[in-house]
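Enquirer: quick one, fold the following:
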Amino acid sequence: MELIRTGIEGLDEVLYGGIVPDNMLLLEGTPGAGKTTLGIQYIHSGALLYNQPGIIITFEEEPEKLYRDAGVFGWDLAGLEKKNLLRIIPSSPEALREMLLQSESPFSRLSRAIGAGRILVDSITHFRRLTDNTQELRVLLSKFLAGLKKITTSAVLIKEIETAEREGANIEEYVADTVLRLSYEQRGKHRRERFLEVIKSRGQNHISGRHSFKFTPTGLAVYPVCAAVEAAAEGCTRAPQPRSVEKTGIRGLDDMCRGGFPAGSATVVAGSSGTGKTVLASQFIHEGLKNRQSALLVTFQHDPRSLVELSRSWGVFLGRYAEDKQLAVLHQSSIGLSVDQLLYEVRERLRELSPVRVAVDGLTHLIQAIDDESYLLDYTGALLRLFACHGVTSVFTLEVDKMFGSFEINSQRSLGLFDNLVLMRYVELEGDIRRAIAILKMRGTDHHKSIQEFQIGKNGIEVGTKFSEGVDVMGGAPRAKVETVELKDVLEDTARWVEASRRLREKREQGLS
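Expert: Coordinates of the predicted model:
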């Protein structure tokens, strides 16, 4: 069965291709949710893209106001009317009902004259003015829909609702075949966000869930929830070579990893502010670019231009690769971040660029933008599966709060989905603040277990040798040289840190006695 495409970005994906012919589509939503805009876009796309002329029946707005509102998105409704691809009809529920009940009416003749394939009615809420009786209203709406089906294969009906909270089905939902609910909801104290959900869809499957959508310069764009990635993963065949590695470009770190990050794996680089996480991620990307691998860099703090300039200070030159389309930089502000939109755009970049390497700087912003722990797990898993099916080797940076001492990493269940975990942190040695790096986890690799010191200079990160001095995090006093400090002495939880400090003091005292 050939579906009727809406022409609205993301919505056809949610509906697995479009709307079933002859299904009556109900758009219901709160004020400001975007109902009329979506309906007009559906009519406009049909006339302009699919050679399906349309009719807009309005009980509220004058044609001139619709022309004005549509012009914001570049839709020339008056031009479509001149081409006989559109008619806008101001009417009333009473007049329209009477016309549809007639076997031959001016409305039906007009529909045949332009070959109308799509009709928008804004809004059927006004039919409630005709009767207060629920049963009579249902009969009235059923007859009205039957009349529409005689003259078109696709009708869209708009209905206002007072709240996005569901309080049982209404009459309009029962008589319609497909129901889309739009909402404009408060998110925190300072912003709102729009969502679309398929409540009902006779004769076809759809992607369930509340999908975010936004107004763009060319109309509405819907961003399906992460479940859509499962469908996108079908057909992905590229996979890394067995036991191959992707070098980071940091010699000491590659030695610790036994050659580099395993190809196709996902790595989290965790550390506090200023430890060098972004430097490591950009060097990883740069190493691939130098070897003619395409790459994608996702950033939330730095726009592409400032990131290119900043990375020059540590010897990473990304500008020419971006100009040559070998590198794509996807920037989204962490303020008001829409994670579903990000996932949608990442997927599109993977299709366009086919990158070998991806860096996401940083994972912290995604975690903060998703307040539902279960959805965070689903989202992270979907993103990693998307990378895996494209054979991508990925690096994610993760901010931790404490610069010194013990700390806990939030969302540890999500971190369990990643293959590798690298920790970068500050330590104090002999009264000096220095940087340390350690590999906590690397699946399938016998990686180094030691803690290595590193510095950041004009050539980026340079990993030196493992620490051999006593460690007293922010203790403030010099220490005598003692045995090599093991990973378990400086990582893990607070109790481990206390025990490590106690052992170090005992060793120092023994050495002085």
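Enquirer: tell me which element the residue lying closest to residue 447 once chain neighbours are set aside is part of?
Expert: Spatial nearest neighbour of residue 447, excluding adjacent residues (CB to CB, 6 or more residues apart in numbering): residue 439 at 4.6 Å. Every residue, glycine included, has its C-beta placed from N, CA and C. Residue 439 is part of strand 432-442, with elements assigned from DSSP states H and E.
Enquirer: where does the stretch 1-150 of the chain have low pLDDT?
Expert: The model of the stretch 1-150 of the chain has pLDDT under 70 over residues 100-101, 103.
Enquirer: kindly report the same for the chain.
Expert: 100-101, 103, 164-169, 230-243, 402-413, 430-431, 467-513.
Enquirer: at 50 what do you get?
Expert: By pLDDT under 50, the low-scoring segments of the chain are 407, 472-498, 500-501, 513.
Enquirer: strands of the stretch 1-150 of the chain, residue ranges please.
Expert: Taking DSSP state E, counting those that start in this stretch to define them, one finds strands in the stretch 1-150 of the chain at 24-29, 54-58, 86-90, 118-122.
Enquirer: the stretch 301-450 of the chain: helices as residue ranges?
Expert: 304-311, 319-323, 339-353, 363-369, 373-389, 412-415 (DSSP state H, counting those that start in this stretch).
Enquirer: those helices into a markdown table, with extra columns for distance to residue 161?
Expert: Listed next are these as a markdown table, based on distance: least, CB to CB, whole Å:
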| stretch | distance to residue 161 |
| --- | --- |
| helix 304-311 | 41 |
| helix 319-323 | 46 |
| helix 339-353 | 23 |
| helix 363-369 | 27 |
| helix 373-389 | 25 |
| helix 412-415 | 35 |
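Enquirer: so of these, which one's packed in deepest?
Expert: The highest mean neighbour count among the helices of the stretch 301-450 of the chain, using mean count of other CB atoms under 10 Å, belongs to helix 363-369: a mean of 21.
Enquirer: and for it, what's in contact with it?
Expert: Residues outside helix 363-369 that contact it (CB atoms under 8 Å, 6 or more residues apart in numbering) are 268, 300, 334, 337-339, 342, 360, 376, 379-380, 396-399, 410-411, 414.
Enquirer: repeat for stretch 184-195
Expert: The contact list for stretch 184-195, computed with CB under 8 Å, 6+ apart, reads 29-34, 164, 182-183, 210-214, 336, 338.
Enquirer: change it to 7 Å
Expert: 30, 32-34, 164, 182-183, 210-214, 336 (CB atoms under 7 Å, 6 or more residues apart in numbering).
Enquirer: swap in stretch 114-129?
Expert: So stretch 114-129 is in contact with 36, 39-40, 42-43, 46, 52-60, 84, 87, 93, 137, 140-141, 148, 151-160, 172, going by CB under 7 Å, 6+ apart.
Enquirer: buried residues, that stretch. List them.
Expert: Residues of stretch 114-129 classed as buried: 114, 116-128 (neighbour count, 16 or more other CB atoms under 10 Å).
Enquirer: and if you look at stretch 205-219?
Expert: Buried residues in stretch 205-219, counted by 16+ other CB under 10 Å: 206, 207, 209, 211, 212, 213, 219.
Enquirer: for the contacts of stretch 184-195, which one is nearest residue 306?
Expert: In terms of CB to CB, no member of the contacts of stretch 184-195 lies closer to residue 306 than residue 336, at 19.5 Å.
Enquirer: now that closest one. Nearest residue, chain neighbours left out?
Expert: residue 191 (5.5 Å).
Enquirer: and the one you found, backbone torsions?
Expert: With angles defined as degrees, to the nearest 10, residue 191 sits at phi -150, psi 160.
Enquirer: switch the contacts of stretch 184-195 over to CSV; also include distance to residue 293.
Expert: CSV is the format used below for the contacts of stretch 184-195 (distance: CB to CB, whole Å):
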residue, distance to residue 293
30, 47
32, 45
33, 43
34, 41
164, 45
182, 42
183, 43
210, 37
211, 33
212, 32
213, 34
214, 32
336, 33
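Enquirer: now the strands for the stretch 201-350 of the chain?
Expert: Ranges of strands in the stretch 201-350 of the chain, per DSSP E, counting those that start in this stretch, are 210-216, 219-223, 245-246, 261-262, 266-271, 295-299, 327-331.
Enquirer: surely residue 199 touches residue 181?
Expert: Yes. The pair residue 199 and residue 181 passes the contact test of CB atoms under 7 Å, sitting 5.2 Å apart.
Enquirer: residue 24 pairs with what?
Expert: Beta-bridge partners of residue 24, counted by DSSP bridges, are residue 155.
Enquirer: residues touching it, list them.
Expert: Residue 24 touches 145, 155, 157, 176, 177, counting by CB under 7 Å, 6+ apart.
Enquirer: name all residues that make contact with the last one.
Expert: Residues near residue 177 by CB under 7 Å, 6+ apart: 23, 24, 202.
Enquirer: span of stretch 255-273 from start to end?
Expert: 25 Å (CA to CA, to the nearest Å).
Enquirer: now do it: distance to the chain's middle.
Expert: Counting by CA atoms, centre = their mean, to the nearest Å, stretch 255-273 is centred 24 Å from the centre of its parent chain.
Enquirer: and for stretch 384-400?
Expert: The answer for stretch 384-400 is 14 Å, by CA atoms, centre = their mean.
Enquirer: my read: residue 67 touches residue 75, true?
Expert: No. Using CB under 7 Å, residue 67 is not in contact with residue 75; the gap is 9.0 Å.
Enquirer: between these two, who's got more neighbours?
Expert: Set residue 67 next to residue 75 and count neighbours by other CB atoms under 10 Å: residue 75 wins out with 23 against 17.
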